[in-house]
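*Asks:* Prediction below, plus the sequence it came from.
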Amino acid sequence: MIVAAAMAFAASVASISVASVPASATGFQNIVLCNRQINPLCMAGYDGDGGLVKQFPYSTGASEDVNVTVLSNCGGGMVTSTCPFTDTDLDRAYIHSSIVSITNKANKMTYNGDWVNQNIKETSDGGTGQVWVQAGDLGGGVNHEAGLINVYASDKQGDAEYACTSGASGGDLALEASQSGLDPNQCTWQEYPGGN
């Protein structure tokens, strides 16, 4: 059930089969992550340590520029059949996807999933919630896309928890389950050029 729901949502999020898209082997520096809506909203960290990650229209600048770093988790930074999720059904659903962290370039804060409040916050110490699975490929700009699934929140909720925009500009980013019924474009991310 979880695998079927996760795969169906992942396919709609990325408009492609997750398993058929090779994950990027390298990270991305100085980019802006924006969703696929007609008027894209982008991740933006404003509030510093413990503050919530917001959503704003695309612009380059300190609040929106991020680095996406491939981690060494699971022996090479890729999802295996038994890692990084506690539920191996999720591991199998996203096998071979990159395992990454997202860091605001200007303030060096890491974007962490907060499973209790279903949002994304900035933290200075990394900590719980900083590991994301990149389901799809961000490489190559707006012609490539990926869902970003928070590992910790997914483990706690028992379902894939995606980073999604929620409402209008200036609102908080949210974590949403794969069967949430959202427009998949709210939970699909593309790479835009950063400013510095």
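*Replies:* Happy to help now that I have it. Residues are numbered from 1 along each chain as shown.
*Asks:* Going by C-alpha atoms from here, please, whenever you check contacts or count neighbours.
*Replies:* Noted.
*Asks:* List the contacts of the closest residue to Asn30 other than its chain neighbours.
*Replies:* Spatial nearest neighbour of Asn30, excluding adjacent residues (C-alpha to C-alpha, 6 or more residues apart in numbering): Gly194 at 5.0 Å. Applying C-alpha atoms under 8 Å, 6 or more residues apart in numbering to Gly194 gives the contacts Asn30, Ile31, Val32, Thr60, Gly61, Glu64, Asp65, Val66.
*Asks:* Can you select the buried ones among these for me in ChimeraX?
*Replies:* In ChimeraX syntax, the buried subset of the contacts of Gly194 is picked out as below (16 or more other C-alpha atoms under 10 Å):
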select :30,31,32,60,61,64,65,66
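*Asks:* could the contacts of Gly194 go into JSON lines alongside distance to Glu145?
*Replies:* Shown next, in JSON lines, are the contacts of Gly194 (distance: C-alpha to C-alpha, whole Å):
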{"residue": "Asn30", "distance to Glu145": "17"}
{"residue": "Ile31", "distance to Glu145": "13"}
{"residue": "Val32", "distance to Glu145": "13"}
{"residue": "Thr60", "distance to Glu145": "19"}
{"residue": "Gly61", "distance to Glu145": "22"}
{"residue": "Glu64", "distance to Glu145": "18"}
{"residue": "Asp65", "distance to Glu145": "17"}
{"residue": "Val66", "distance to Glu145": "16"}
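*Asks:* from the contacts of Gly194, which is closest to Val133?
*Replies:* The shortest approach to Val133 among the contacts of Gly194 belongs to Val66, at 16.1 Å (C-alpha to C-alpha).
*Asks:* just the helices in the chain please.
*Replies:* 2-14, 73-76, 88-93, 151-157 (DSSP state H).
*Asks:* Where among these is average confidence lowest?
*Replies:* For the helices of the chain, mean pLDDT drops lowest on helix 2-14, to a mean of 47.
*Asks:* quick one: the strands in this structure?
*Replies:* 28-35, 41-45, 53-57, 66-70, 98-104, 110-114, 119-123, 132-136, 146-150, 161-164, 174-177, 189-193 (DSSP state E).
*Asks:* Could you export the first one as PDB, CA atoms only?
*Replies:* Just to be clear, that refers to strand 28-35. Provided in PDB are the C-alpha atoms of strand 28-35 (Å, rounded to 0.1, in the frame of the first residue of the first chain):
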ATOM      1  CA  PHE A  28      24.400  21.700  -6.800                       C
ATOM      2  CA  GLN A  29      25.900  25.000  -5.600                       C
ATOM      3  CA  ASN A  30      24.400  28.400  -5.600                       C
ATOM      4  CA  ILE A  31      20.900  27.600  -7.000                       C
ATOM      5  CA  VAL A  32      17.400  28.500  -6.200                       C
ATOM      6  CA  LEU A  33      14.800  25.700  -5.800                       C
ATOM      7  CA  CYS A  34      11.300  26.600  -7.200                       C
ATOM      8  CA  ASN A  35       8.200  24.500  -7.700                       C
END
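*Asks:* who are the neighbours of that strand, in terms of helices and strands?
*Replies:* strand 41-45, strand 66-70, strand 189-193 (3 or more C-alpha pairs under 8 Å, 6 or more residues apart in numbering; DSSP states H and E).
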